Structure formats: structure tokens, C-alpha cells
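Student: need a structure here:
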Amino acid sequence: AKWMLPVAIVSGLVIVLALGGLYPDYALPHLLARRQQEFLGLQGGSLQAPLPLDDGWLSLLRSLPEALRRAFAAPLPGSGLKTTEWLSALENSVWLVSILPAVWWGRHRTKTPSQKAWVVLAVSLVLAVGIITGLTIPFVGAIARYKSIIWPLMAPPVVYWWYHLISKKGMGKTA
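Tutor: Predicted coordinates:
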């Protein structure tokens, strides 16, 4: 059972790569570049310079660090934000400070296989959706809306970690 999710992820990647080999129009780099072009046809006030994507895997790999930054850290506080973007920047800061320590702290404290599976599934989905979002969507506002869908998947380990921190320091105890 503990190998089910990694096997499913690897199998999915093999299927995606094989599909791209059999049908070039369905190759992942081609699909992501086409999706990015579709987003560039839209109008919005938070447009960023698009990432240089083409039909090759090399362009995806070169764009990956910037895609991760856009997906998980944009907008950052102090980067010339509009008033409406400050709440999104604050939310990003809280999540970025909380997720990695929560997952790291909770990796040995999860009690059941279903808890461990949840954390692995949540991290996998958040990373996959985040990478695709960062690569294809050039609007900060749209990225923030997509993040509002995936961040709640990470809420259980983060809330568990914060609860532990608060109760350990005595802030959660009543007199």
C-alpha cells in the first residue's frame, strides 16, 4: 500500500511521455506552450512577462525555477504591489513559512497509513498544479485564484503543526 501512490505517479508520467511520443500534438511541452499562448490572449491587469516555452523539454526545464517562484511565491511583499495584492502576498508568506516545516515535522508523527497517504497525495497535487500553473499562466491574479484551490489540500499538516507549536509553548492551555 505504501508504494501505491509513487507507482501511480510514475505510471502517469510514463503514460504522458508515451502519449507525447506517439502523438506529438499531445506532448506535454507542446500542450503547455499552447495553453500559455491561450492565456496570453486574455486581458488582465497583473500580466507578467511570459516564460519562454516552446515544444521542447529543455524550455520546460529552464523555466522550472521561475515557474515555481511564480506559482508559490508571487506576489511577494514589497515588490511594488497594488493594494488588492497585499492580502495574497500575506497569504503566500504564511503558507511558505508553514508548509515545509509542517511536512518535515509531521513526516514521522503521522500515525496511520491513510494520514501518510494524504500528505504524500497533497504534496504531489500541490506541486503538479503549481508547476503547471507557474509555467502556463502569466497573470498574478489568476495564479492567486488557482492557489486558493490547492492550498487547502495542505491545511491538515499545517494546522497540525501550528497546533503543536501553540500547545508546546503553553499558549493553547487554559488556566
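Student: mind telling me what element the nearest residue to Ser59 once chain neighbours are set aside is part of?
Tutor: In space, Ser59 comes closest to Leu53 once its chain neighbours are excluded; the distance is 5.2 Å by Cβ to Cβ, 6 or more residues apart in numbering. From N, CA and C alone the C-beta is placed, and that goes for glycine too. Here Leu53, judged by DSSP states H and E, is contained in no helix and no strand.
Student: hmm, Leu53 is touching His30, no?
Tutor: No - the pair Leu53 / His30 is not scored as a contact, 9.4 Å apart, by Cβ atoms under 8 Å.
Student: more neighbours: the two, which one.
Tutor: Legend: neighbour count by other Cβ atoms under 10 Å for Leu53 and His30, higher for Leu53 (21 against 17).
Student: need the contact list for the more buried one.
Tutor: Residues in contact with Leu53 (Cβ atoms under 8 Å, 6 or more residues apart in numbering) are 29, 32-33, 36, 59-60, 63, 135-136.
Student: what do you get if the cut-off is 6 Å, keeping everything else the same?
Tutor: By Cβ atoms under 6 Å, 6 or more residues apart in numbering, the residues touching Leu53 are 33, 36, 59.
Student: could you check how far the residue positioned nearest the centre of the chain is from Ile99?
Tutor: Residue closest to the mean C-alpha point of the chain, counted by Cα atoms, centre = their mean, is Gly130 at 2.9 Å. Note on Gly130: its distance to Ile99, by Cβ to Cβ, to the nearest Å, is 11 Å.
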